[in-house]
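1. build me a structure from this.
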Amino acid sequence: MPAKPTNDGSQPAGSDKGAPFVEPESESVEATLKEVSTDAPVPDEAPMPADVVDDLPALDLPVADIPLEDIPQKTVKPSGRGKVFSPLVALLTIFSKFVGLARDIVVLSAFGAGLASDSYNYAYMVTGGVLVLFGGLGGPFHQSAVAILSSRKDNENIGKLAGQLLLWTALIMSVFSIALYFLAPYVVPLALPGNGADQQALWTTTVTQLRIMVPMIVIAGLVGVGCGISNTFKEYFWPSMAPAVASIAIIIAVFGFRDEAGLCLGIGTLIGAIGQFIVQWPGIMRAKPAFLQFDFITKLQPGMKEYLQMLWPAFITTSIGQLNVYVDMFFTSRLEQGGWTAILNANKLVQLPLGVLLTAMLVPLLPHFTELVAAKKIDELKVELRRALTLLWFLALPLSAVLIALPAPIVQLLFERGQFDERAVGLFTTVLVFLVPSIFFYVARDLLTRVFFAHQDSTTPYKIAILSIFVKAFFDWLLVVYFPLGIGGIALSTSIVTIFNLSLLSFLLRKKLGNLGGMKLVKPVSVMLFASAACALTSYFTFNFVGTPLEALCQHFLISEKLARTIQLFLALAISSSLGMALYFVLCHLSRLEEAGIIVRRVKSKLKK
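-> Purely as a prediction, here's the structure:
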């Protein structure tokens, strides 16, 4: 049980006895961060690759108000078996993110932001959303399978148990798949009221896409159990590659079988999901599953009953998290075509750098925080929390500054080709302008959530997430219907809900731990915000200053106008963002921000080697 704060909130009961806890000098920050990133104990599962949520909005857009971790967690026990965030997983995460970006570029170039892409994305948020949330690492099937198999992997009946896990999962998810297939024509008009003359076309195409991809619901469960079996036998490579396999399948489908209605997207996505299950097969076969069990319903293996009992609460919890998807889908369907495509893909653009950053930082912190809670070192936990928070902000704010200063050029460079026209650029830019400011609050919210998990408390974040669904619905209505901000209203409501979640988490965490020392964050945050503003202004004015000369230079040496435009945008963005980020770092270093000092010392140590 976590130590409770005393009346003054300054020294929790159960903290180290004797002299009051003294926060270490700044020199210890580097050692602490190094310890967190390299020597923290590993949990029984592999780290979750950032790209496992690549296909879902992660900045509290439709689904992120309940993160993947907001399901019952296993207790993390120190094991001392090595590094938490291995270089292999880091490389696979980065590889999957960039393959996902390539997929988005190909899809948007082929279909732009219109009826075909919207219909596909609406259908995908039901079927593909199930695959990502339920089938991914950290999902309910994965968590439940690992919990059941870990203590039984050396049992002689492990093959029968693994076989039953897969058979029962396929049976359960088949029921949902069949029901959705037949109910789709009735459910889609209720979830997507649509708008204007394209209403019927939206419904028809979405139902078709939904029916193509509905087998993914079954595959989601099998992928989740497959991940659990693979991780139980320490197979991490192929599960980490699964998102890239799915992206490659979609790219091939678009290039080879493109059609006007975009049905190739649904077919490619289904094939990619099958591929995600196939790559789990080497890990699954480590358990030697027995599939020829005709009595698997009447004769349950030891552990099977516990699996079903664990699965349903986690299944329901994760399903409730999907309600935010349908709230946003409902309101977005009433807006102009391409709105839903813009919302999803603008978020992916933000997640490209941020997802890797959060995975690298947050994965090691959960076991580290758990150790501190178990040792009742509450004061040290607060210090580590503040350090991690300032480091996350230090890394995330310059990225936010560049995105807020130059959203349109970034979108043009990445996506403006083929069917992706100026109108689509405008939609994406609008979403980014309202969404990017939430990054500051989002990284803090995810970090505070880890502290609750370290206390084995997933209930509090879950309750806040449930409440946020109603807050999201209210602000969607307010900013889309009452104040007609269009898709900008959807993105702005996301930012507001993120702030709401963070505020409640901070309030309840202070009640749990006592004074968090928030005043100690005022100076570093003020410095970082000032430096971020300078970064944004420098990037904006530099881009406009160098843009015209670079355009003339590129057109002079290159015959292709499109190629010249692409190279000009790339060079202008590279120069302006580099200058902006360099100024950000210099200002932070001159202000003696210890995060900047850590980077300087590490660079110097590398140069000396």
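
2. which element follows the helix or strand that contains residue 219 toward the C-terminus?
-> Assigned by DSSP states H and E, residue 219 falls within helix 216-232. Using DSSP H and E, the helix or strand that follows helix 216-232 towards the C-terminus is helix 237-257.

3. tell me the average confidence for that following helix?
-> In this model, helix 237-257 has a mean pLDDT of 84.

4. just the CA trace of it, in CSV.
-> In CSV, the C-alpha atoms belonging to helix 237-257 read as follows (Å, rounded to 0.1, in the frame of the first residue of the first chain):
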residue,chain,number,x,y,z
PHE,A,237,11.4,-10.0,-32.6
TRP,A,238,8.4,-11.1,-34.8
PRO,A,239,5.7,-9.6,-32.5
SER,A,240,7.6,-6.3,-32.8
MET,A,241,7.7,-6.6,-36.6
ALA,A,242,3.9,-7.2,-36.9
PRO,A,243,2.8,-3.5,-37.5
ALA,A,244,5.3,-3.2,-40.3
VAL,A,245,4.0,-6.3,-42.0
ALA,A,246,0.4,-4.9,-41.9
SER,A,247,1.6,-1.6,-43.4
ILE,A,248,3.5,-3.3,-46.2
ALA,A,249,0.4,-5.3,-47.1
ILE,A,250,-1.6,-2.1,-47.5
ILE,A,251,1.1,-0.5,-49.7
ILE,A,252,1.1,-3.5,-52.0
ALA,A,253,-2.7,-3.5,-52.2
VAL,A,254,-2.8,0.1,-53.2
PHE,A,255,-0.1,-0.2,-55.8
GLY,A,256,-1.4,-3.5,-57.3
PHE,A,257,-5.1,-3.4,-56.9
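
5. can you count the residues close to residue 95?
-> By other CB atoms under 10 Å, the residues close to residue 95 number 16. Yep, even glycine has a C-beta here, placed from its N, CA and C like the rest.

6. mind checking how far it is from residue 499?
-> 33 Å (CB to CB, to the nearest Å).

7. hmm, back to that, packing partners for the helix holding residue 219?
-> Helices and strands touching helix 216-232, as assessed by 3 or more CB pairs under 8 Å, 6 or more residues apart in numbering; DSSP states H and E, comprise helix 115-135, helix 140-149, helix 158-191, helix 237-257, helix 263-278, helix 281-284.

8. surely residue 368 touches residue 384?
-> Yes. At 7.0 Å, residue 368 counts as touching residue 384 under the criterion of CB atoms under 8 Å.

9. mind checking which of those two has more residues around it?
-> The residue with more neighbours, out of residue 368 and residue 384, is residue 368; 24 against 20, by other CB under 10 Å.

10. that one sits in which helix or strand?
-> Using DSSP H and E, residue 368 sits within helix 339-374.

11. pLDDT of that helix, averaged?
-> 78.

12. next helix or strand past that helix?
-> helix 378-405.

13. relative to the whole chain's centre, how far out is that following helix?
-> Taking CA atoms, centre = their mean, to the nearest Å, one finds helix 378-405 lying 17 Å from the centre of the chain it belongs to.

14. helices or strands next to it in the packing?
-> When contacts are defined as 3+ CB pairs under 8 Å, 6+ apart, helix 378-405 packs onto helix 27-38, helix 339-374, helix 422-435, helix 439-454, helix 487-513, helix 522-557, helix 561-590, helix 594-608.

15. what is the last one packed up against?
-> Contact analysis of helix 594-608 by 3+ CB pairs under 8 Å, 6+ apart lists helix 27-38, helix 378-405, helix 561-590 as its packing neighbours.

16. can you check the third one too?
-> If you count contacts as 3+ CB pairs under 8 Å, 6+ apart, helix 422-435 packs onto helix 339-374, helix 378-405, helix 407-415, helix 487-513.

17. would you turn those helices into JSON lines with distance to residue 169?
-> Below are these laid out as JSON lines (distance: least, CB to CB, whole Å):
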{"stretch": "helix 339-374", "distance to residue 169": "26"}
{"stretch": "helix 378-405", "distance to residue 169": "36"}
{"stretch": "helix 407-415", "distance to residue 169": "37"}
{"stretch": "helix 487-513", "distance to residue 169": "31"}
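
18. measure residue 383 to residue 513 for me?
-> With CB to CB as the criterion, residue 383 and residue 513 are 12 Å apart.

19. for residue 520, what are its contacts?
-> Residue 520 makes contacts with residue 386, as judged by CB atoms under 8 Å, 6 or more residues apart in numbering.

20. let's have the chain start at 35 instead
-> All set: I'll call the first residue 35, so the last point we hit is now residue 554.

21. look up how far residue 419 lies from it.
-> Taken as CB to CB, the span from residue 554 to residue 419 is 11 Å.

22. cool, and residue 537?
-> Residue 537 sits 16 Å away from residue 419, going by CB to CB.

23. which of the two has more neighbours?
-> Between residue 537 and residue 419, residue 419 has the larger neighbour count (other CB under 10 Å), namely 22 against 13.

24. wait, that one touches residue 485, no?
-> Yes. Using CB under 8 Å, residue 419 makes contact with residue 485 at a distance of 6.2 Å.

25. where in the stretch 485-634 of the chain is pLDDT low?
-> 592-593 (pLDDT under 70).

26. what do you get if the cut-off is 50, keeping everything else the same?
-> Regions of the stretch 485-634 of the chain meeting the criterion pLDDT under 50 are absent.

27. wait, what's in contact with residue 161?
-> Counted by CB under 8 Å, 6+ apart, residue 161 has contacts 244, 247-248, 250-251, 303.

28. could you list the domains of this protein?
-> The chain breaks down into these domains under automatic domain parsing: 149-371, 556-642.

29. between the helix holding residue 253 and helix 297-312, how many degrees?
-> 30 degrees (axes from the mean of the first three to the mean of the last three CA atoms, to 10 degrees).

30. tell me how far helix 250-266 lies from the chain's centre.
-> 19 Å.

31. that one versus helix 271-291: what angle between them?
-> 150 degrees.

32. what is the mean pLDDT for helix 250-266?
-> So the average pLDDT for helix 250-266 ends up being 83.

33. tell me the buried residues in it?
-> Applying a neighbour-count criterion of 16 or more other CB atoms under 10 Å, one finds 250-266 buried in helix 250-266.

34. what of stretch 142-157?
-> 142, 144-157.

35. one more: stretch 212-223?
-> So, applying 16+ other CB under 10 Å, buried residues of stretch 212-223: 214, 218, 221-223.

36. repeat for stretch 487-497
-> 487-492, 494-496.

37. farthest-separated two in these?
-> 488 and 496 (15.5 Å; CB to CB).

38. low pLDDT regions in the stretch 335-484 of the chain?
-> Across the stretch 335-484 of the chain, nothing is flagged by pLDDT under 50.

39. overlap of the contact sets of residue 419 and residue 485?
-> Shared contacts of residue 419 and residue 485, counting by CB under 8 Å, 6+ apart, come down to residue 403.

40. report the secondary structure element holding residue 189.
-> Using DSSP H and E, residue 189 maps to neither a helix nor a strand.

41. residues in contact with it?
-> Counting by CB under 8 Å, 6+ apart, residue 189 has contacts residue 195.

42. where's it relative to residue 196, distance?
-> 10 Å.

43. neighbours of residue 360, just the number please.
-> 18.

44. what of the one 3 residues further on?
-> As a burial measure, the neighbour count of residue 363 was computed by other CB under 10 Å and equals 21.

45. so it is in which element?
-> helix 357-366.

46. for that helix, packing partners?
-> Contact analysis of helix 357-366 by 3+ CB pairs under 8 Å, 6+ apart lists helix 149-169, helix 192-225, helix 373-408, helix 493-511, helix 521-547 as its packing neighbours.

47. for stretch 511-519, the distance to its chain's centre please.
-> Chain-centre distance of stretch 511-519: 27 Å, with CA atoms, centre = their mean.
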